[in-house]
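Novice: Below: sequence and its predicted model.
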Amino acid sequence: MQSSIGPAVMIVGAGPVGLITALVLAQQGIASRVIEAAPGLTIDLRAGTFHPPTLEMLDGIGIATEMLALGIAVRYWQSRDLQEGLVAEWDLDLLRKDTPYPYRLHLEQHRLTPILLQHVLSTGLVDVVFGHRFEALHNQGDQLEVSAQGPQGLVTWKTQWLIGADGGRSQVRKSADIKFAGYTWPERYSVLSTTFDFATLGYRENAYMSDPVQWSALFKMPDEGPPGLWRMTLPVDPETSEDEALAGPYAQHAIRRITGADDSITYPLVHQSIYSVHQRVAVRFRQGQVLLAGDAAHVNNPLGGFGLNSGIHDAISLGHALARVVKGKEGEEALDRYNRQRQQANVTYVQELSVRNKKNLEEKDPVLRAQRMQELRTVCADPIKARDYLLNSSMINSIRRAESVA
Ligand SMILES: Cc1cc2nc3c(=O)[nH]c(=O)nc-3n(C[C@H](O)[C@H](O)[C@H](O)COP(=O)(O)OP(=O)(O)OC[C@H]3O[C@@H](n4cnc5c(N)ncnc54)[C@H](O)[C@@H]3O)c2cc1C
């Protein structure tokens, strides 16, 4: 077993949240070590929407320009109904006085992480150790001892602060014995992507379609460059096996339900995956010298695209708070404030709104569904009400709410 003293801050997980936290700390002169279980950055079909306040924050750490060069800026998004078609078309430019980024940016999460890694390494203050899976932590006086399994066996490091940015199944959270309160939905979600161009049917680059059986969310993603791909998320009921949901006919049927095409049409499929969905929030984001951020601290269904965005909001807030504490500019109350602000923003905004979005999309009662459509049409037609609606859906209100927590 190798053992050594590490930097004052250790971060578990080189996902977007871990890397952004390390970058913010390094920009304030604080060194850290990031350990990542995988042999390199992970690539999968995950987050892909960045909301205006997130872009503002990423601009603040020097990342936004590179993202904008790769991503698709989406000014309009649509609320649709599978039977009725277009219900409302939202114009994010109504937020132009609220943010310098009045649009959503679509960019695959796995295309953001290489940009982050390069910025993190160029600071010269961050040691990123791939292929090391965090296992356990032990309190040793005022230090923490962290152990990880690496290719050469067990490695231990001593550190002052440990940040769990190791995703929804966070081993850091479990080691610190922090409860992950909430529930798991019975249905799973399927994510698939196709080269079929939904714009030919009048779709904007982002659309949410309500339907009592097959609601869906559609995103145009940049992929490796034009023409890009269309990604669809839809529910898979608990009775359908994973094999069936991942088989071609299931996806073909799902796409045909949207396009209205008959069985003779087959769409080109590029990716398909299926995953379980949870609504859970850690009861504390700070326990002594252990801090949680991103999916390690909270998970939610993807309707609204809040998961990674709120994780990035955590990372920026935590990076600044911890830098002040390590530099002795503020006491540890800065970390308690991080805990209060980010925990409340998640519980009162991300959880509530993502659950409401899901319920609205899958509403089975035809009367309630019709009422909901009418409401959306009315709000969208009035620029003042539409702006209010967009302040919420774009997470601007989430940030304002978090900042108002003392
Ligand atoms: C299908 C899907 C679609 C989504 N769509 C959206 C969307 O449109 N918008 C949005 O905002 N969010 C979306 N999300 C959520 C988003 O992907 C997550 O919120 C985001 O990945 C969280 O980032 P993170 O850095 O906290 O965790 P992760 O990205 O999960 O990174 C955690 C890292 O920690 C590593 N790790 C785990 N355990 C250990 C260990 N013991 N030791 C060392 N390393 C470890 C992992 O290998 C991983 O690299 C989606 C999620 C899924 C699954």
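Specialist: Yep, it's here.
Novice: Get me the contact residues on the stretch 151-300 of the chain for the ligand.
Specialist: Taking C-beta under 6 Å from any ligand atom as the criterion, the stretch 151-300 of the chain approaches the ligand at residues 165-167, 171, 191, 275, 294-295. Using the backbone N, CA and C atoms, a C-beta is placed for each residue, glycine as well.
Novice: Among these, which pair sits farthest apart?
Specialist: For these, the farthest-apart pair by C-beta to C-beta is Q171 and V191; their separation is 25.1 Å.
Novice: For I258, list the residues it contacts.
Specialist: 82, 198, 209, 216, 218, 232 (C-beta atoms under 8 Å, 6 or more residues apart in numbering).
Novice: The nearest residue to F50 once chain neighbours are set aside: what's it in contact with?
Specialist: Leaving out its chain neighbours, the residue that sits closest to F50 by C-beta to C-beta, 6 or more residues apart in numbering is L105, at 4.3 Å. Contact analysis of L105 by C-beta under 8 Å, 6+ apart lists 49-50, 55, 67-68, 71-74.
Novice: Show me where the chain dips below the pLDDT cut-off.
Specialist: Low-confidence segments of the chain, defined by pLDDT under 70: 1-5.
Novice: out of all of them, which helix in it is the longest?
Specialist: Across the chain, the longest stretch assigned as helix under DSSP state H is helix 307-326.
Novice: What is that helix packed up against?
Specialist: Judged by 3 or more C-beta pairs under 8 Å, 6 or more residues apart in numbering; DSSP states H and E, the packing partners of helix 307-326 are helix 16-27, strand 49-50, helix 52-60, strand 161-164, strand 298-299, helix 333-345, helix 396-404.
Novice: C-alpha coordinates for the third one, PDB please?
Specialist: Meaning helix 52-60. Extracted C-alpha coordinates of helix 52-60, given in PDB (Å, rounded to 0.1, in the frame of the first residue of the first chain):
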ATOM      1  CA  PRO A  52     -28.300  31.000 -19.300                       C
ATOM      2  CA  PRO A  53     -27.100  31.400 -15.700                       C
ATOM      3  CA  THR A  54     -24.800  28.300 -16.200                       C
ATOM      4  CA  LEU A  55     -23.300  29.900 -19.300                       C
ATOM      5  CA  GLU A  56     -22.700  33.100 -17.400                       C
ATOM      6  CA  MET A  57     -20.900  31.100 -14.700                       C
ATOM      7  CA  LEU A  58     -18.900  29.200 -17.300                       C
ATOM      8  CA  ASP A  59     -17.900  32.500 -18.900                       C
ATOM      9  CA  GLY A  60     -16.700  33.600 -15.500                       C
END
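Novice: List the buried residues in that helix.
Specialist: 52-58 (16 or more other C-beta atoms under 10 Å).
Novice: The last one now?
Specialist: In terms of neighbour count (16+ other C-beta under 10 Å), helix 396-404 has its buried residues at 396-399, 402.
Novice: Whichever residue of the stretch 151-300 of the chain sits closest to the ligand - how many residues pack around it?
Specialist: Per C-beta to the nearest ligand atom, G294 is where the stretch 151-300 of the chain lies closest to the ligand, at 2.3 Å. A total of 30 residues lie near G294 under the criterion other C-beta atoms under 10 Å.
Novice: what residue is smack in the middle of the chain?
Specialist: L308 (1.6 Å; C-alpha atoms, centre = their mean).
Novice: Just say helix, strand or coil for the residue lying closest to that residue once chain neighbours are set aside.
Specialist: Among residues not flanking L308 along the chain, A47 sits closest, at 3.6 Å (C-beta to C-beta, 6+ apart). Secondary structure state of A47, per DSSP: H, G, I helix; E, B strand; the rest coil, is coil.
Novice: A47 reaches S310, doesn't it?
Specialist: No. Taking contacts as C-beta atoms under 8 Å, A47 lies outside contact range of S310: 10.6 Å.
Novice: Between these two, which has more neighbouring residues?
Specialist: Between A47 and S310, S310 has the larger neighbour count (other C-beta under 10 Å), namely 30 against 21.
Novice: Where neighbours are concerned, which of the contacts of I258 has the most?
Specialist: Highest neighbour count within these: M209, with 25 neighbours (other C-beta under 10 Å).
Novice: Need the contact partners of the helix or strand where it lies.
Specialist: Per DSSP states H and E: M209 is located in strand 206-210. For strand 206-210, contacts defined as C-beta under 8 Å, 6+ apart pick out 49, 74, 76-82, 87, 104, 106, 198, 215-220, 258, 303, 357, 360-363, 369, 372-373.
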